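> Mind folding the following:
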Amino acid sequence: MGGPDNQDLMEVIRVIDARVIILWLHITAAMTWIGGMIFVTFILIPALNKIGGPSLVARFRPLVWAAIGIIALTGLLNLHFLGVGRATLASWWGLVFAIKMLLVAGLLFIFIMAPRRLEDHCATTDGGVALPVNLRRVFLLHLVAIALGLGAVLAGLIL
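Have a look, this model is predicted:
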């Protein structure tokens with residue numbers, strides 16, 4: 001008599017465990033991405049004005065691309081676990097979700113464009129050493145990215 005109930009309970013625990021792990025991965029990857037932007041904006045870009053070298057930023061990019069991939073995969077799994085369907089997407093939840101996706105799209109655009117802007121702002125000497133130049137535009141671009149990222153996190157909390 002207690003067998004099926006125990007099996008059902010174990011299945012619920014297994015699903016809850018998977019949800020918690022996927023949500024944890026999603027949040028950790030988002031923290032890595034946004035935390036990285038904060039580091040680049042407030043620590044690295046000012047340091048580049050003194051020492052130069054876009055290669056420092058390039059060394060961090062593979063970690064960020066991995067975080068973006070984890071965010072995409074775990075985001076889809078979270079939608080699956082939530083049972084999101086057409087009715088849900090047509091509600092206020094869907095509106096907030098659409099806003100979140102627009103913020104993330106803007107963030108991705110900036111993430112893809114920022115290295116080009118950084119390279120545009122770094123000159124190279126004959127010896128191949130990058131010289132610091134005015135990085136104000138890159139800094140402002142990163143500030144916008146941070147705002148978009150924090151907005152996406154806020155939208156995620158609302159959901």
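> now the helices: where do they sit in this structure?
For the chain, the helices defined by DSSP state H occupy 3-39, 45-51, 55-82, 86-89, 92-120, 136-158.
> Just put these in TSV and tack on mean neighbour count and mean pLDDT.
Glycine gets a C-beta too; all of them are placed from N, C-alpha and C. Output for the helices of the chain, formatted as TSV (neighbours: other CB atoms under 10 Å; pLDDT from 0 to 100):
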stretch	mean neighbour count	mean pLDDT
helix 3-39	14	80
helix 45-51	15	71
helix 55-82	14	83
helix 86-89	11	78
helix 92-120	16	83
helix 136-158	17	86
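> Show the contacting residues for residue 104.
With contact set as CB atoms under 8 Å, 6 or more residues apart in numbering, residue 104 has these partners: 148, 152.
> Which pLDDT value belongs to residue 52?
Looking at residue 52, its pLDDT is 55.
> again with residue 83
83.
> Please tell me how far the closest residue to residue 63 other than its chain neighbours sits from residue 40.
Among residues not flanking residue 63 along the chain, residue 32 sits closest, at 6.7 Å (CB to CB, 6 or more residues apart in numbering). To residue 40, residue 32 is 12 Å away according to CB to CB, to the nearest Å.
> separation between residue 107 and residue 42?
According to CB to CB, residue 107 and residue 42 sit 17 Å apart.
> Oops, could you answer that again for residue 23 instead?
28 Å.
> Disregarding residues adjacent in the polypeptide, which is nearest to residue 139?
residue 45 (5.0 Å).
> List the residues that contact residue 158.
Neighbour list for residue 158: residue 96 [criterion: CB under 8 Å, 6+ apart].
> The residue nearest to residue 139 reaches residue 142, doesn't it?
Yes - contact criterion CB atoms under 8 Å: residue 45 and residue 142 qualify, at 6.8 Å.
> Surely residue 19 is in contact with residue 82?
No - between residue 19 and residue 82 there is no contact under CB under 8 Å: 9.1 Å.
> ok, residue 85 to residue 79 distance?
Distance from residue 85 to residue 79, by CB to CB: 10 Å.
> Please read the previous query as pertaining to residue 68.
In terms of CB to CB, residue 68 sits 17 Å off from residue 79.
> How about residue 36?
For residue 36 relative to residue 79 (CB to CB), the value is 25 Å.
> got a list of what residue 103 touches?
148, 149, 151, 152, 155.
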